[in-house]
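K.L.:
Model the structure of this input:
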Amino acid sequence: MSVRKVRYYLYLKDVLLLSLTAFGGPQVFLAMVLDTMVTRRGYIKEQELWELNALCQILPGPTSTQTISAIGYRVGGPNLAYLSLFVWILPATLLMIVAAFLIDFLQENTPGALSFAKFIQPMAIGFIIYAAQKTIFKMVKTTEASVLMMFSTFISFFYNSPFLFPLLLLVGGVTTSLKYRNEPKEEGDKKLVIDWANFYLWGGILVFAAILGALTKNQAVLLFENFYRNGSLIFGGGQVLVPYLFTEFVEFKKFLTSQEFLTGYALSQGIPGPTFSISAYVGALSMRDQGVLGLLTGGFIASAGIFLPGTFLIFFVIKFWDKLKKFRPVRAALEGINAVSCGMLIAAAYLLFEPLDPDFFNIAAILGTYLLLNFTKLSSPLIIALGVLAGIGFNLLFP
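P.N.:
All right, here's what the predicted structure looks like:
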């Protein structure tokens, strides 16, 4: 086996290990990538990792998945990048499809079985508040960024539309790009040579899926289009994706109940891998009327739809990113884009709280989850397990 193939094998093995052990959200994910792929293996340099992660943050789609794919692209080109994408998302996708099976089975065969999730649903909001706090302290450091964050929160709360996201991010990016003179100058060739192939692939699939879905009305095609569109328009990570999936699949299409959705989101916080894996859960339950095959089909179609667009876009941009980042306005724009994303997270927390009763137990579950995450070293899966046990205990004491 050649040295190159051994290197590729080791990289995929490391990706698989990450997919099975990366609990705790994007902050923990980045720390693990830094330790494994930079310090121990030396696939890329630390500065490259931060730049690739910043690039992924300004593109729509799942940041952690795009970062893994981008590193794979740097190590071994597009083939290794696609393989690393598959290895990274498969465990979480399978786990969330299994979760959908179990939830559907319990509801069909055991009335009241979801009582174990009494505290799991509000705990999901505690996870989002914690993620918002971590993100805000990391990314919002100036007066301009604070104002943009509050503006984004207000707009995202009152105008809950995925089509508004790109506009808000554009406004945020343009606003702070005007301060480009504060950025240090970088010398070197700034001539951009752009290969448009992956951009055309992304846009072509988006248009084709929309047209095919409109013509055929096939549920599987429509589901793929729904998730591909969300994956193409959602900026800011899984926490920002959640309220839009809730609006589309719970409030509008009514494929899931509020209880099912929030239970699934909380469970997704207790498994390793990408937060976007909740899409597999939502997709599976959206096609449960077609039986076991529908659950499987819906889960895999939703997963493909949500992860592919971000991958196509990162492959498109990464080829000329080294030249693009030399422009000071581009680097300055990151501040505004990150601030707007933080505002979206704050709005997401409240939008998910709306369906819940504002009683003592729900508020205590939200606050308790936040405090455990913030002031203890308990892992996310253990906190979820405690919530399940609390729900079972509550149901036994107050049947």
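K.L.:
Spatially nearest residue to residue 335, not counting backbone neighbours?
P.N.:
residue 176 (4.2 Å; Cβ to Cβ, 6 or more residues apart in numbering). C-betas here are computed from N, CA, C, even on glycine.
K.L.:
separation between the one you found and residue 138?
P.N.:
16 Å (Cβ to Cβ, to the nearest Å).
K.L.:
Looking at those two, which is more packed in?
P.N.:
residue 176 (24 against 12; other Cβ atoms under 10 Å).
K.L.:
packing partners for the helix or strand containing residue 7?
P.N.:
Using DSSP states H and E, residue 7 falls within helix 3-21. Here helix 3-21 touches helix 26-33, helix 63-109, going by 3 or more Cβ pairs under 8 Å, 6 or more residues apart in numbering; DSSP states H and E.
K.L.:
Kindly reformat those as CSV containing distance to residue 321 and mean neighbour count.
P.N.:
Formatted as CSV, the helices and strands packed on helix 3-21 follow (distance: least, Cβ to Cβ, whole Å; neighbours: other Cβ atoms under 10 Å):
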stretch, distance to residue 321, mean neighbour count
helix 26-33, 18, 18
helix 63-109, 9, 21
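K.L.:
weakest of those by average pLDDT?
P.N.:
With a mean of 68, helix 26-33 has the lowest mean pLDDT of those.
K.L.:
how much does the helix or strand that that one is followed by deviate in direction from helix 63-109?
P.N.:
Using DSSP H and E, the helix or strand that follows helix 26-33 in sequence is helix 46-57. Per axes from the mean of the first three to the mean of the last three Cα atoms, to 10 degrees, the angle that helix 46-57 makes with helix 63-109 is 50 degrees.
K.L.:
Go through helix 46-57 and flag the buried ones.
P.N.:
Across helix 46-57, burial judged by 16 or more other Cβ atoms under 10 Å covers 49, 51, 52, 53, 54, 55, 56, 57.
K.L.:
CA-only coordinates of that helix, as CSV, when you get a sec.
P.N.:
C-alpha atoms of helix 46-57 as CSV (Å, rounded to 0.1, in the frame of the first residue of the first chain):
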residue,chain,number,x,y,z
GLU,A,46,-3.5,25.3,13.0
GLN,A,47,-3.9,28.6,11.1
GLU,A,48,-5.4,26.7,8.2
LEU,A,49,-7.9,25.1,10.5
TRP,A,50,-9.1,28.5,11.9
GLU,A,51,-9.3,29.9,8.4
LEU,A,52,-11.2,26.9,7.0
ASN,A,53,-13.7,27.1,9.9
ALA,A,54,-14.2,30.8,9.4
LEU,A,55,-14.8,30.1,5.7
CYS,A,56,-17.4,27.4,6.5
GLN,A,57,-19.2,29.8,8.9
